[in-house]
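A.B. asks: Sequence and computational prediction follow.
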Amino acid sequence: MGAVAEFQADNTYPRLVEGLDLVVVCTPDGELYCTGNKGTPTSVPLDSGKILNFAGEAGIEVPCIQCPQYGTKYSLLDGTVVGPWIPSPPLVSNILRFLFPEPSGIPTYPGRIENGSYEVLIDVNARQKFESEYWFGLLDAKGKSTGEYY
């Protein structure tokens, strides 16, 4: 994802890796996390979101990123929603909560620092697996790789 020295505290760094839209988050404490860069429910990019700590259960602070459009906070540890689901803007949030009643989180990816670089473990076949369920029919090119088309 990059050299550790390039990541400044309290900043986000969008990355596109193997077709996955990711964001590296460097907390005010200098800890690095990697999540998907699309906030739910409308895929708002999170790279312009606020980085903050949320007082979770038993007063334990959880590092999170806040959606810049709707204010939903996502845990950087596991991607779950912490706090209220779609808290703003007032009128639009009520409609969105009606359409999307169940909070949904964002994907997180395990990372490590190795030889001065921040490395993240991602499934490079994730996009292919996701798309394999779609685009199957007469006009697709799916069969070209398997020979089923001809």
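C.D. replies: Cool, got the structure.

A.B. asks: C-alpha from now on. contacts and neighbour counts both.
C.D. replies: OK.

A.B. asks: mind listing what Leu77 touches?
C.D. replies: For Leu77, the contact set (CA atoms under 8 Å, 6 or more residues apart in numbering) comprises 33, 62-64, 108.

A.B. asks: Tell me which residue is most central in this structure.
C.D. replies: A centroid search over the chain (CA atoms, centre = their mean) returns Gly36, at 2.0 Å, as the residue closest to the centre.

A.B. asks: quick one: Pro89 from Pro68, how far?
C.D. replies: Remark: distance between Pro89 and Pro68 (CA to CA, to the nearest Å) = 11 Å.

A.B. asks: so Ser75 touches Val62, yeah?
C.D. replies: Yes. If you go by CA atoms under 8 Å, Ser75 and Val62 touch, sitting 6.5 Å apart.

A.B. asks: where along the protein do the strands fall?
C.D. replies: When secondary structure is read from DSSP state E, the chain shows strands at 2-3, 11-17, 20-26, 32-36, 38-39, 44-45, 50-55, 61-66, 73-75, 81-82, 108-109, 111-114, 117-120.

A.B. asks: State which helix of the protein is the longest.
C.D. replies: Across the chain, the longest stretch assigned as helix under DSSP state H is helix 90-99.

A.B. asks: circling back: more crowded one of Pro89 and Pro68?
C.D. replies: Under the neighbour definition other CA atoms under 10 Å, Pro89 and Pro68 were set side by side, and Pro68 has more, 16 against 11.

A.B. asks: Leaving out the residues flanking it, which one is nearest to the more buried one?
C.D. replies: The shortest distance from Pro68 to any residue other than its chain neighbours is 4.7 Å, reached at Gly49 (CA to CA, 6 or more residues apart in numbering).
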